[in-house]
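Engineer: please work out how this folds:
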Amino acid sequence: MAYDIFLASAVEDRDLAKLIARRLRALKFKVWFDQKQTDDTFDQKDARDALNSQSMVVLWSEKAVESDFVRAAASVGKSRDGTLLQAALDDTVPYDPFEVDKNFKLDGMTSRTTPEGFYKLVEELGRRDGRIDLRAWMDFGSKDDGEKAAWLAAHPTDPLALAAEKARARKLETKPAPAAAAAGAAALAASSLKSASPAPVAPAAPAPRATAPKPAAAAAAAASMADDEIGIGWGLLLPVVAGIALMFLLARIWNSDVRPDGALPAVANSVFAPTCPAGQAPATLFAKPPLEAGPIIVDTDDE
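Structural biologist: Residues are numbered from 1 along each chain as shown. As a prediction, this is how the structure comes out:
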């Protein structure tokens, strides 16, 4: 992998080196820095990463001049023209041949303090990478959103502008547009209602429109209906009339049945005597022998 900067420091200067690496990465420089380094060995992999870096930044200090790793990294950087950049963390002067090269003063640098030497180091790194006005960007505060937006618009090809554009694109991809979100919610609600509601019933076919009959057809239909009504009336009336006639006939026959003795016909095994004028008794009463007197029985005496 290619890097913009290979950062070399002593193990004892790791904390300050981590701060410098973080500040450079915030400016979108690709920085190689082994923050887990525990020894002074400069191995083959370190050499390969140093050769794949555009610039070599060596952080000199009292401990760095004694580190094999720092001296080996500085030698690789010096072997390539226009690669080595030296920065001093204190007043220590490196050994020959590094004491004659330019040295950016970073002593006193903290998370809240940025020395002038760091600005100049960043400007030089930017010049090598074709970037300008990085000092202005570094002077912006956390609330200078308008100034930052203007700077990004004025430097569209700078890695800072490209990174901001990628961040906006990721935000748009993860957050759907309001219209799309509303449409998705509406579709979900419609789907829920559709699954909960019963199956729709097909509408009944409309009844055919009645048409007014023609005059001749209307008259024929009326006559047919009248005949049907008359037929129904006679069908009910004839049985009633026949029943009444039968009753009269039976009554006539019953009244004409006269017994020879002048008595009325029997009804329920009874015989009705004929009527006679007042003061007279019917002759039928005297047709039978009179009652004979019998012995008188006294049933009141005690035995």
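
Engineer: neighbours around Leu106, how many?
Structural biologist: 22 (other C-beta atoms under 10 Å). C-beta coordinates here come from the backbone N, C-alpha and C atoms, glycine included.

Engineer: separation between it and Trp137?
Structural biologist: 19 Å (C-beta to C-beta, to the nearest Å).

Engineer: go on, Lys36?
Structural biologist: 30 Å.

Engineer: more crowded one of these two?
Structural biologist: Between Lys36 and Trp137, counted using other C-beta under 10 Å, the more crowded position is Trp137 (20 against 6).

Engineer: leaving out sequence neighbours, find the closest residue to that one.
Structural biologist: Computed as C-beta to C-beta, 6 or more residues apart in numbering, the closest residue to Trp137 that is not its neighbour in sequence is Trp151, at 5.8 Å.

Engineer: as a check, name the ranges of all helices in the chain.
Structural biologist: 14-26, 44-51, 68-78, 116-128, 134-139, 145-154, 159-174, 178-196, 215-255 (DSSP state H).

Engineer: how about low-confidence regions in the stretch 151-300 of the chain?
Structural biologist: Residue ranges of the stretch 151-300 of the chain with pLDDT under 70: 175-236, 254-300.

Engineer: give me the contact list for the biggest strand by length in the chain.
Structural biologist: The residue-count maximum for a strand in the chain (DSSP state E) belongs to strand 53-60. Here strand 53-60 makes contact (C-beta atoms under 8 Å, 6 or more residues apart in numbering) with 2-10, 13, 16-17, 20, 32, 50, 64, 70, 73-74, 76-77, 80, 83-89, 92, 94, 98, 103, 106, 121, 125, 128-129.

Engineer: now the end-to-end length of stretch 150-159.
Structural biologist: 15 Å (C-alpha to C-alpha, to the nearest Å).

Engineer: enumerate the positions of stretch 125-142 that are buried.
Structural biologist: Neighbour counts over stretch 125-142 (16 or more other C-beta atoms under 10 Å) mark 125-126, 129, 131, 134, 137 as buried.

Engineer: give me the distance between Lys78 and Ala50.
Structural biologist: 11 Å.

Engineer: which of those two has more residues huddled nearby?
Structural biologist: Neighbour count, other C-beta under 10 Å: between Lys78 and Ala50, Ala50 has more, with 23 against 16.

Engineer: I'd say that one and Gly77 touch.
Structural biologist: Yes. Ala50 lies in contact with Gly77 (C-beta atoms under 8 Å); the separation is 6.9 Å.

Engineer: joint contacts of the two?
Structural biologist: 6, 56.

Engineer: contacts only, for Asp158.
Structural biologist: If you count contacts by C-beta under 8 Å, 6+ apart, then Asp158 has 28, 131, 152 around it.

Engineer: report how many residues lie close to the first one.
Structural biologist: Meaning Lys28. With other C-beta under 10 Å as criterion, Lys28 counts 17.

Engineer: number of residues surrounding the spatially closest residue to Pro94 that is not a sequence neighbour?
Structural biologist: Using C-beta to C-beta, 6+ apart and skipping residues adjacent in sequence, the residue nearest Pro94 is Trp60, 4.9 Å away. Residues lying near Trp60 (other C-beta under 10 Å) number 27.

Engineer: repeat that for Ala87.
Structural biologist: 24.

Engineer: can you offset everything so residue one is 8?
Structural biologist: Sure thing, new numbering starts at 8, so read that last one as Ala94.

Engineer: buried ones in the longest strand of the chain?
Structural biologist: Going by 16+ other C-beta under 10 Å, strand 60-67 has these buried residues: 60-67.

Engineer: kindly report the same for stretch 12-29.
Structural biologist: 12-18, 20-21, 23-24, 27-28.
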